[in-house]
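J.: pasting the sequence and the predicted coordinates here, then a few questions.
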Amino acid sequence: MTIKSKATAALLAFGLLAAPAVSAQTYNLTLCGASPGGLWSLLGAGVDAAVKESFPGSTVTYQTSGGGLANVGLLDQGKCDLAIIHDAEAKAALGGLAPFKSKIESMRTVAQLYSWAPMQAIVNADYAEEHGLTKLEDIAEKQLPITIVLNRRGNIVSGIGEAMLNAIGASPEQIEEWGGSVEYAASGEQGDLMRDRRVDMLLNSLFVNHSSIRELASSIDVKLLPITDETAQKVIDEWDIQRFTVPNAAYDWTDEDVLTLTVSAQLFVREDADPKMVGDVTRALVDNVAKLQGVHKAMAPLDVKLMGGATTVPYHAEAQKIFDDSGS
């Protein structure tokens, strides 16, 4: 044995010569979201930042898509590692409801991202005063000839809007019989329709005090309609969504808290996803929740308890362990 090899052996024996470093874990993942530039794309950036913080060198690439309904299929087919999907969309997939042709049960929850995008029934105040409209149920009770705009067809939120109208006994067909109509338009068009008096009311999922609501309320007088608890329960039973109370303090043109319903958005993986990846990503989100809170002021309420509080789809076992350990 040479002098050099003897010295090396001695150093190894006493632990003085470090073993070759094991490379740190990195991930290269895709996350199916929706259109570029919206909140979901910001959430994708937040997930990427959280994973990078815990696993330097990792990348979570945001993949644009048609939204949550499309993401159910993309995730099921293994075309993305992570996907953002609304609770109501997941509910439809689990039940094989339209637009799904059969049940899709491969999803597992990683984290709930937000639960504060309530359905807001905003009506022209002049119309409400003229017809004595104080709650959504009055539309059916008075058989009003009202023109309502919902989100565009194929969007889960328009389906929930229709469910709310059906629950009060005012289906689109019935409203048409009473001399009104139900229209469908993207969120960005609805304010213009209201301002131009082409519709009397919009019913859409919007963050409380969203800029579009502020702009509308600065142009015309509006009123926010509540629903009864009975109506809320009917829609919850159908869609597995949640009650939500819009506080009176949210707007300077309301005079009471308003009961409605809300959709939530969750991050999903496939049930057969790599367990270590799921655990690591969940831990990264829990440890770096500030990365998600910071993507937009609307995300400020997010905390670990809410992330672990989804109910529509079971959590992946590795994600559940993380939330159990965190006490959420």
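T.: Yep, that arrived.
J.: please count neighbours and contacts with C-alpha atoms only from this point.
T.: Will do.
J.: tell me the domain boundaries of this protein?
T.: 27-114+264-326, 117-263 (automatic domain parsing).
J.: mind putting those into TSV with mean neighbour count and mean pLDDT?
T.: Written out in TSV, the entries for the domains of the chain read as follows (neighbours: other CA atoms under 10 Å; pLDDT from 0 to 100):
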stretch	mean neighbour count	mean pLDDT
domain 27-114+264-326	20	96
domain 117-263	18	96
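J.: which outside residues touch the lengthiest helix in the chain?
T.: As assigned by DSSP state H, the longest helix anywhere in the chain is helix 39-54. Residues outside helix 39-54 that contact it (CA atoms under 8 Å, 6 or more residues apart in numbering): 31, 33-35, 58-62, 84, 281, 284-285, 287-289, 291-292, 294-296.
J.: tell me the helix or strand right after it.
T.: strand 59-63 (DSSP states H and E).
J.: just checking, what packs against the next helix or strand after that next one?
T.: As assigned by DSSP H and E, the chain's next helix or strand after strand 59-63 is helix 68-76. Packing partners of helix 68-76 (3 or more CA pairs under 8 Å, 6 or more residues apart in numbering; DSSP states H and E): strand 28-32, strand 82-86, helix 87-95, strand 107-124, strand 258-270.
J.: let me have these in a markdown table, extended by distance to residue 276.
T.: As requested, those are exported to a markdown table (distance: least, CA to CA, whole Å):
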| stretch | distance to residue 276 |
| --- | --- |
| strand 28-32 | 13 |
| strand 82-86 | 14 |
| helix 87-95 | 24 |
| strand 107-124 | 13 |
| strand 258-270 | 12 |
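J.: looking at the ones you listed, which is nearest to residue 219?
T.: Among the helices and strands packed on helix 68-76, the nearest to residue 219 by CA to CA is strand 107-124 (10.7 Å).
J.: A helix includes residue 127, no?
T.: Yes. Applying DSSP: H, G, I helix; E, B strand; the rest coil, one finds residue 127 inside a helix.
J.: leaving out the residues flanking it, which one is nearest to it?
T.: residue 200 (6.8 Å; CA to CA, 6 or more residues apart in numbering).
J.: residue 140 now?
T.: Nearest to residue 140 is residue 170, by CA to CA, 6+ apart, at 5.1 Å.
J.: can you check residue 207 too?
T.: That would be residue 117: by CA to CA, 6+ apart, it lies 4.6 Å from residue 207.
J.: show me what contacts that neighbour?
T.: 205-208, 262-264.
J.: which of those residues sits closest to residue 161?
T.: When the contacts of residue 117 are ranked by distance to residue 161 (CA to CA), residue 205 comes first, at 8.7 Å.
J.: is it correct that the closest one is in contact with residue 156?
T.: No. Residue 205 sits out of contact with residue 156 when judged by CA atoms under 8 Å, with a separation of 9.9 Å.
J.: where along the stretch 201-328 of the chain do the strands fall?
T.: 201-205, 222-225, 242-246, 258-270 (DSSP state E, counting those that start in this stretch).
J.: present those strands as JSON lines; the columns should include distance to residue 54.
T.: Formatted as JSON lines, the strands of the stretch 201-328 of the chain follow (distance: least, CA to CA, whole Å):
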{"stretch": "strand 201-205", "distance to residue 54": "33"}
{"stretch": "strand 222-225", "distance to residue 54": "43"}
{"stretch": "strand 242-246", "distance to residue 54": "32"}
{"stretch": "strand 258-270", "distance to residue 54": "18"}
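J.: so for residue 98, which of these sits nearest?
T.: Using CA to CA, the nearest of those to residue 98 is strand 258-270, at 17.8 Å.
J.: report the angle between the closest one and strand 82-86.
T.: Going by axes from the mean of the first three to the mean of the last three CA atoms, to 10 degrees, strand 258-270 is angled at 160 degrees with respect to strand 82-86.
J.: show me what strand 258-270 is packed against.
T.: So strand 258-270, by 3+ CA pairs under 8 Å, 6+ apart, packs with helix 68-76, strand 82-86, helix 87-95, strand 107-124, helix 229-239, strand 242-246.
J.: would you check how far apart residue 250 and residue 122 are?
T.: Residue 250 sits at a distance of 14 Å from residue 122 (criterion: CA to CA, to the nearest Å).
J.: same check, this time on residue 247
T.: With CA to CA as the criterion, residue 247 and residue 122 are 15 Å apart.
J.: which ones are touching the closest residue in space to residue 25 that isn't next to it in sequence?
T.: Excluding the flanking residues, the one nearest residue 25 by CA to CA, 6+ apart is residue 55, at 6.3 Å. Counting by CA under 8 Å, 6+ apart, residue 55 touches 24-27.
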